[in-house]
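# Generate a structure from the sequence data that follows.
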Amino acid sequence: MNTELGFVREMFDRIAPWYDFLNRLLSLRQDVVWRSQAVKAAKLKSGDRILDVACGTCDVALEAHQQLSKDARICGLDFSFGMLRLGKKKLEKTNNQTISLLNADALALPFSNNLFNAVFIAFGIRNIMDRQRALTAFYHVLKPGSRLAVLELTTPDKGLIRSLYLVYFKKILPLVGSFFSKDSHAYSYLPDSVLKFPSPAEFARIMTRSGFEQVKYKQMTLGIVTLFVGKKP
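From the prediction side, this is the model:
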């Protein structure tokens with residue numbers, strides 16, 4: 001196993017029990033709004049087949065299910081067993097039988113080409129080192145005319161907002177995250193990974209190089225999160 005991949009997988013396994021709570025706390029529940037916007041951007045239709053990559057605890061999959069009701073056919077995929085275990089518990093609590101879960105790697109998707117009507121990845125693409133390879137894999141499993149929606153943490157461009165954000169993100173967030181999760185490495189890794197992530201314009205270009213057309217991005221909540229959407233021709 002790739003050393004860095006193993007580190008990220010083990011990290012998510014460790015923080016899984018606190019993942020949802022800290023997402024809501026650290027984002028002031030804005031993460032719920034962001035996911036809703038991502039699902040709406042894919043323009044889903046009744047009966048669509050959906051893939052949620054890096055599904056974590058199934059928040060995006062459940063949002064897609066809610067927006068499509070019982071007609072959704074959704075597969076949630078993640079390389080962390082810890083995250084999938086919690087996602088499975090959520091599905092069992094709601095007796096949800098339309099979402100299936102799979103332990104797999106985003107760089108080795110176990111699906112045939114032209115299968116899905118939409119692919120989502122929320123807060124996961126920055127943890128993949130070879131992003132263009134992952135985007136190309138997403139492209140292949142999408143049906144022509146279907147959309148990829150990528151939701152990711154980003155850094156505000158400039159000015160006072162950026163300065164305040166960096167203080168919060170580099171100083172306060174790691175303290176709060178490590179206090180609850182007892183994992184200082186995970187919440188130091190988070191700001192480092194976000195600060196290294198490409199600018200929205202550059203990531204949009206990577207999507208275009210991967211074959212997607214009509215690539216657009218929307219910065220939300222003062223630029224701390226960006227929603228990218230591209231269409232397979």
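
# now the closest residue in space to I161 that isn't next to it in sequence, what's its secondary structure?
Excluding its sequence neighbours, the residue lying closest to I161 (C-beta to C-beta, 6 or more residues apart in numbering) is L222, at 5.2 Å. For every residue, glycine as well, the C-beta is placed using N, CA and C. L222 falls in the helix class when you classify it by DSSP: H, G, I helix; E, B strand; the rest coil.

# In terms of pLDDT, where does L222 sit?
Looking at L222, its pLDDT is 90.

# residue ranges of the helices in the chain, please?
Per DSSP state H, the chain has helices spanning 3-27, 30-41, 59-68, 81-93, 131-141, 159-167, 173-181, 186-196, 200-209. These are given in chain order.

# Nearest approach to L153 belongs to which of those?
When these are compared by C-beta to C-beta, helix 186-196 sits nearest L153, at 4.6 Å.

# tell me the mean pLDDT for the closest one?
Throughout helix 186-196, pLDDT has a mean value of 80.

# what's that helix in contact with?
Counting contacts by C-beta atoms under 8 Å, 6 or more residues apart in numbering, the residues outside helix 186-196 that touch it are 8, 11-12, 14-15, 126-127, 153-155, 169-170, 173-174, 176-178, 181.

# Check stretch 201-210 too.
Stretch 201-210 has contacts (C-beta under 8 Å, 6+ apart) with 131-132, 135-136, 138-139, 148, 150, 152, 197-198, 215-217, 226, 228, 230.
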